[in-house]
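Asker: Predicted model, plus sequence, below.
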Number of protein chains: 2
Amino acid sequence: MNTQKRSGVSISAVERDTGLGKDTLRVWERRYGFPTPHRDAIDERLYPPEQVEHLRLIKRLMDQGKRPGALLRLPVAELHAQLAQLRAEKNQTETEDWVLPLLKRHDVDQLRHELAQRLARDGLDRFVTETVPALNRLIGDAWMNGDIGIFEEHLYTEVVQNQLRSLIHGLANRGKRPHVLLTTVKDEEHLLGLLMAEALLAANGAWCLSLGAQTPLVDIAGAARGTTIDIVALSFSGAYTWRKARAALIELRQLLPEHTELWAGGEALVGRGKTIPGVRTLERHEDIGPALAQWRATHETHFVKMDATKQLGETLRRGKK
Amino acid sequence: MNTQKRSGVSISAVERDTGLGKDTLRVWERRYGFPTPHRDAIDERLYPPEQVEHLRLIKRLMDQGKRPGALLRLPVAELHAQLAQLRAEKNQTETEDWVLPLLKRHDVDQLRHELAQRLARDGLDRFVTETVPALNRLIGDAWMNGDIGIFEEHLYTEVVQNQLRSLIHGLANRGKRPHVLLTTVKDEEHLLGLLMAEALLAANGAWCLSLGAQTPLVDIAGAARGTTIDIVALSFSGAYTWRKARAALIELRQLLPEHTELWAGGEALVGRGKTIPGVRTLERHEDIGPALAQWRATHETHFVKMDATKQLGETLRRGKK
DNA sequence: GTCAATCTTTTGTCCTAGACAAATTGTAAA
DNA sequence: TTTACAATTTGTCTAGGACAAAAGATTGAC
């Protein structure tokens, strides 16, 4: 009965957990000889946990720009070494080490308190552009190393999200321009990046409208069409591939009215030098402020020029909202 | 070259837009003869827009419980008729008809204002148990009816969720008992029900800890094990089937420590007379208050009497279910 | 030396058609 | 009415092969 009753997870579970497509997993197995899942009674792939972990490691490095062909021949130890080196290059001596003990102790109240304190001390801008990303990396690393479980990760996400939400709540810029529509596309359920963007936009005086996660493309376009939305902003986490993000952005760009700008940010987009026509890629959080300023500059002259013409009425109507 | 240069979208775009998997799309084509995408130069499927629309229609009816086999043989007109009929069956005279015009006008600020006003007028309890559910039904019907799009639905959800979150934020019951862990299981991404429950629990003096959506079962159990959690509360939306919910609850019950209670609520659970051993099913929001009171009563005596006889405590625990 | 154009390798996604289990529905017996 | 079993429906998995888009390497012009 238990002759090598090795357990494992299905290919769809691995796709969900690692962000690597089913096709990709199969083709890697064929080409590189890894992963090597065993099979269940009906010959379907069963990935042992350590291989899933291995795959996650590879994905992590790919997200940093490495290419799979080389990574797949390397042993786990070497992958860890590469990650360590990357971390060293970035030379981010993480000072936020207070968070892990609190998380492990499940001390939510204290966690909330500490976050609030840091927010008050550093100000919103620095909190969102530095503190939270630093914490995210810390948590990500800790999870990868097995220091914390999914429970602690959920917990952290929930607490930070709440902090950001209440922050945003106090920043409603009724009627101010530009009007920004925020959301994520299908299969992208990470809200944290979106909330961080929303906080920064709101802090810079934009009027934000968040649709939450996973709005279908046609509906985003429909929303932009019927409303006073100036900018559509999308967030892509590291779980999303650059290819997919690119495809979605190109398609959405075609669906959107020409006067609506399309901004995109998130881990999936950093590092590529490439630009997508008609899409503004914001690689770092710090870019949001300047981008907004630039939008305002462009559209101020636009408004001025229009003053002479009959479009003034429309401008006023839109501006009032 | 341009003999019928009909354009269309790729199979992955259709997957993203409709929520139907690639495999499913291909197997439908094979089995039922629909959809019938034409092919591009390299023989890949290109779906014309009207077929994508047709597919979305089918998906909508499937979400209402219809099965694909029948729907795929029906013409578009008939699908529309079915949607209309479903809407007619649900025909409830709702009094909250102020919300639809606001939504259609995308007047978010006014929507927020009206909600806040109703909350102040009716009080938290009535707001959560009556107003919000009534609005939910209204929105659901309007969506099925085609009166509003997914955009408006997201918008509504987002605004109400924000309202609830800021409400909960002001109700932190540090350290009070019971400690309730709230979350949803895998494949259940609707947060609204969870937030409504959290608001009511917090209003009744419970200390709540929300993990957001889709926590794996083992991690829920792990969380309950290492902490002071008294009750694990799960929410199942109407999109979830009763069978799946039941299976998940039974499995989770086995994973949880015996002294941790398991509560479950949501549309997926109402109407069935069935009970699940070891699980407290809360069919209506109004049940939350009494359930909490009962927990407190039991555990007060429990604490007192436990000193006398160990066995009594266990008897109480078991007898309650 | 720098930049652009071209060739080569890498890599992800799509293709076909068959198979099977999980979920649902239909039917018969208790 | 419920319970048990059989029939259907339905989604997801399998196999290699194929090809274009992206990335890396090489060449040529200035």
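Answerer: Received it, and whenever you're ready, just let me know what you need. Numbers count the residues shown, from 1 in each chain, chains lettered A, B, ... in the order given.
Asker: which bits of the stretch 151-300 of chain A sit near DNA strand C?
Answerer: A:T241, A:R243, A:K244 (Cβ under 7 Å from any atom of the strand). (Glycine included, C-beta is placed from N, CA and C.)
Asker: Mind checking which of the residues you listed land in helices?
Answerer: Under the assignment DSSP state H, these contribute A:R243, A:K244 to helices.
Asker: and which of the residues of the stretch 151-300 of chain A next to DNA strand C is nearest DNA strand D?
Answerer: Closest approach to DNA strand D among these (Cβ to the nearest atom of the strand): A:R243, at 6.4 Å.
Asker: Where does pLDDT dip in the stretch 101-250 of chain A?
Answerer: The stretch 101-250 of chain A contains residues with pLDDT under 70 at A:144-145.
Asker: can you give me the helices in it?
Answerer: Assigned by DSSP state H, counting those that start in this stretch, the helices in the stretch 101-250 of chain A fall at A:108-126, A:132-144, A:150-169, A:192-203, A:217-226, A:242-255.
Asker: tell me the most buried of those helices?
Answerer: Most buried of the helices of the stretch 101-250 of chain A, by mean neighbour count (mean count of other Cβ atoms under 10 Å in any protein chain shown): helix A:192-203, with a mean of 23.
Asker: That one near chain B at all?
Answerer: No: Helix A:192-203 lies apart from chain B when judged by Cβ under 8 Å from any Cβ of the partner chain; the minimum separation is 10.5 Å.
Asker: which ones are touching the residue nearest to A:P133 when sequence neighbours are not counted?
Answerer: Distances taken as Cβ to Cβ, 6 or more residues apart in numbering or on different chains put A:H285 closest to A:P133, at 7.2 Å, once the chain neighbours are dropped. By Cβ atoms under 8 Å, 6 or more residues apart in numbering or on different chains, the contact list for A:H285 reads A:V128, A:T129, A:P133, A:M196, A:A197, A:L200, A:G265.
Asker: where's A:H285 relative to A:E96, distance?
Answerer: Between A:H285 and A:E96 the computed distance is 16 Å (Cβ to Cβ, to the nearest Å).
Asker: Likewise for A:V27?
Answerer: For A:V27, the distance to A:E96 - Cβ to Cβ - is 39 Å.
Asker: quick one: which of those two has more around it?
Answerer: Applying other Cβ atoms under 10 Å in any protein chain shown to A:V27 and A:E96 shows that A:E96 carries more neighbours, namely 18 against 11.
Asker: ok, now which ones touch that one?
Answerer: Residues near A:E96 by Cβ under 8 Å, 6+ apart: A:T131, A:A134, A:L135, A:L138.
Asker: Same list (these) but as a markdown table, adding distance to A:V270.
Answerer: Output for the contacts of A:E96, formatted as a markdown table (distance: Cβ to Cβ, whole Å):
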| residue | distance to A:V270 |
| --- | --- |
| A:T131 | 19 |
| A:A134 | 16 |
| A:L135 | 18 |
| A:L138 | 18 |
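Asker: need the residues of the stretch 51-200 of chain A near DNA strand D, please.
Answerer: Contact residues (Cβ under 7 Å from any atom of the strand) of the stretch 51-200 of chain A with DNA strand D: A:R67.
Asker: domain parsing for chain A?
Answerer: If you go by automatic domain parsing, the domain ranges for chain A are A:11-90, A:99-169, A:179-320.
Asker: would JSON lines of those with distance to B:L211 be doable?
Answerer: Formatted as JSON lines, the domains of chain A follow (distance: least, Cβ to Cβ, whole Å):
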{"stretch": "domain A:11-90", "distance to B:L211": "17"}
{"stretch": "domain A:99-169", "distance to B:L211": "4"}
{"stretch": "domain A:179-320", "distance to B:L211": "14"}
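Asker: between those, which gets nearest to B:E15?
Answerer: Set against B:E15 and scored by Cβ to Cβ, the domains of chain A come closest in domain A:179-320, at 8.2 Å.
Asker: Can you pull the residues of the stretch 201-321 of chain A lying near DNA strand D?
Answerer: Counting by Cβ under 7 Å from any atom of the strand, the stretch 201-321 of chain A comes close to DNA strand D at A:W242, A:R243, A:R246, A:R272, A:K274.
Asker: Nearest residue to the middle of chain A?
Answerer: Nearest to the mean C-alpha position of chain A, by Cα atoms, centre = their mean, lies A:S237 at 2.6 Å.
Asker: List the contacts of that one.
Answerer: By Cβ under 8 Å, 6+ apart, the contact set of A:S237 is A:E188, A:H190, A:L192, A:G193, A:G266, A:E267, A:A268.
Asker: And for it, nearest residue in space, chain neighbours not counted?
Answerer: Nearest non-adjacent residue to A:S237, counting by Cβ to Cβ, 6+ apart: A:H190, 3.9 Å away.
Asker: you'd agree that neighbour is up against A:S235?
Answerer: Yes: counting by Cβ atoms under 8 Å, A:S235 is a contact partner of A:H190 at 7.4 Å.
Asker: Neighbour count for those two, which is higher?
Answerer: Between A:H190 and A:S235, counted using other Cβ under 10 Å, the more crowded position is A:S235 (29 against 18).
Asker: and the more buried one, what is it in contact with?
Answerer: Neighbouring residues of A:S235 by Cβ under 8 Å, 6+ apart: A:L182, A:T184, A:E188, A:H190, A:G193, A:L194, A:A197, A:A264, A:G265, A:G266.
Asker: From DNA strand C, how far off is the fourth one?
Answerer: When you say that, I think you mean A:H190. Noted for A:H190: a distance of 18 Å to DNA strand C, by Cβ to the nearest atom of the strand, to the nearest Å.
Asker: Go through the contacts of A:H285 and say which is closest to B:A81.
Answerer: Distances from B:A81 to the contacts of A:H285, taken by Cβ to Cβ, are shortest for A:A197, at 42.9 Å.
Asker: contacting residues for the closest one?
Answerer: A:A197 touches A:L182, A:A233, A:S235, A:G265, A:H285, A:I288, counting by Cβ under 8 Å, 6+ apart.
Asker: A:T281 too?
Answerer: A:T281 touches A:W263, A:A264, A:G265, A:L269, A:T275, counting by Cβ under 8 Å, 6+ apart.
Asker: before we move on, the earlier item: contacts only, for the residue nearest to A:S237.
Answerer: Counted by Cβ under 8 Å, 6+ apart, A:H190 has contacts A:T184, A:A213, A:S235, A:S237, A:A239.
Asker: ditto for A:I229
Answerer: A:I229 neighbours (Cβ under 8 Å, 6+ apart): A:H179, A:V180, A:L181, A:L209, A:A223, A:T260.
Asker: and the gap between A:L61 and A:H80?
Answerer: For A:L61, the distance to A:H80 (Cβ to Cβ) stands at 10 Å.
Asker: between those two, which one's more packed in?
Answerer: Of the pair A:L61 and A:H80, A:L61 is the one with more neighbours under other Cβ under 10 Å, namely 19 against 15.
Asker: Show the backbone phi and psi for the more buried one.
Answerer: Note on A:L61: its backbone torsions stand at phi -70, psi -40 [degrees, to the nearest 10].
Asker: So what pairs up with A:V180 in the strands?
Answerer: The partner list for A:V180 in beta bridges (DSSP bridges) reads A:C208, A:I231.
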